[in-house]
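Chemist: The following block contains a protein sequence and its predicted model.
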Amino acid sequence: MNKLLSYLSITALVLLTAGCSEDNPKSEHKGLTGYVIEANYEKNALLVAESDKTAKDGKYGAEWYSLNDDAILLDSQKSKVLFTDIEVGAEVETWSTLPSLESYPSQTDLSKLILAEDVKHPNHPMVQKKAIQIALNYVKSRTSKSDIFIVQNVVSSKSEWIIHIYHFNTEQEYELSIHAETGEVKHITEKSS
């Protein structure tokens, strides 16, 4: 009887110890790949939206990511970066450990992020990220409220960045031409979807 009681006690102790252990890693899953549309450094949160490169069937995923305590933030060379190094207009890949909350944009934690290398204009010093910032600020200044914008596509021409932005709430599409040397918004075309 003593042997049985000892065996049961040891088994219960092992099960309790294993069950309460925090060594079980959280299951990480791939999140969105896209552009940072908004950055809230006070709340450690980023809004990331897919572009034409990653959207499926013209449906653009958008997600607010809240930095978790163990988040790994890396550049394209796998060197660590600070959260404040991740700016609006940056292209990123994300991972999460929690399921996304059902909303648009959805919400989840940020467990890992890889910051893509800045794309340089072939003839001028302005990087793509800066052109996206200018384009988003310009479009936001033309709307009356805080809405969701999608950077659909970015290409360079001889002296400009051509940026297509979709305004989710109004289904309006914008094509902006940003001069790659001065940052001047040179041309804008608007159309409804």
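Modeler: In hand now; what should we look at?

Chemist: which residues of this protein fall in helices?
Modeler: 2-20, 128-141 (DSSP state H).

Chemist: ok, of these, where does mean pLDDT dip lowest?
Modeler: Note on the helices of the chain: helix 2-20 shows the lowest mean pLDDT, a mean of 43.

Chemist: what's the residue nearest to Gln77 when sequence neighbours are not counted in contact with, if anything?
Modeler: Once flanking residues are discounted, Gln77 sits nearest to Glu117: 8.0 Å by C-beta to C-beta, 6 or more residues apart in numbering. Where C-beta positions appear, they are placed from N, C-alpha and C, glycine not excepted. Shown in contact with Glu117 (C-beta atoms under 8 Å, 6 or more residues apart in numbering): 75-77.

Chemist: Now, these that are in strands?
Modeler: Applying DSSP state E to those, the entries found in strands are Asp75.

Chemist: For this structure, which segments count as strands?
Modeler: Using DSSP E, strands in the chain cover 29-40, 45-49, 62-75, 91-96, 106-115, 149-156, 160-167, 172-179, 185-192.

Chemist: Next, format those as JSON lines and append distance to Val81.
Modeler: Output for the strands of the chain, formatted as JSON lines (distance: least, C-beta to C-beta, whole Å):
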{"stretch": "strand 29-40", "distance to Val81": "13"}
{"stretch": "strand 45-49", "distance to Val81": "13"}
{"stretch": "strand 62-75", "distance to Val81": "5"}
{"stretch": "strand 91-96", "distance to Val81": "11"}
{"stretch": "strand 106-115", "distance to Val81": "6"}
{"stretch": "strand 149-156", "distance to Val81": "21"}
{"stretch": "strand 160-167", "distance to Val81": "24"}
{"stretch": "strand 172-179", "distance to Val81": "25"}
{"stretch": "strand 185-192", "distance to Val81": "29"}
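
Chemist: Please name whichever of those strands is nearest to Leu136.
Modeler: strand 149-156 (6.0 Å; C-beta to C-beta).

Chemist: what comes into contact with that closest one?
Modeler: Contact with strand 149-156 is made by 34-35, 37, 49-52, 60, 62, 89, 119, 121-122, 128, 131-132, 135-136, 139-140, 161-168, 173, 180, as judged by C-beta under 8 Å, 6+ apart.

Chemist: returning to that earlier point: identify whichever of the strands of the chain lies nearest to Lys56.
Modeler: Across those, closest to Lys56 is strand 29-40 (C-beta to C-beta), at 11.3 Å.

Chemist: list the contacts for Ser96?
Modeler: With contact taken as C-beta under 8 Å, 6+ apart, Ser96 is in contact with 28-29, 31, 65, 108-111.

Chemist: Now flag whichever of these is closest to Thr94.
Modeler: When the contacts of Ser96 are compared against Thr94 (criterion: C-beta to C-beta), the nearest one is Gly31, at 3.5 Å.

Chemist: Let me know the distance separating the residue nearest to Leu47 when sequence neighbours are not counted from Phe149.
Modeler: Excluding its sequence neighbours, the residue lying closest to Leu47 (C-beta to C-beta, 6+ apart) is Glu38, at 4.0 Å. For Glu38, the distance to Phe149 (C-beta to C-beta, to the nearest Å) stands at 9 Å.
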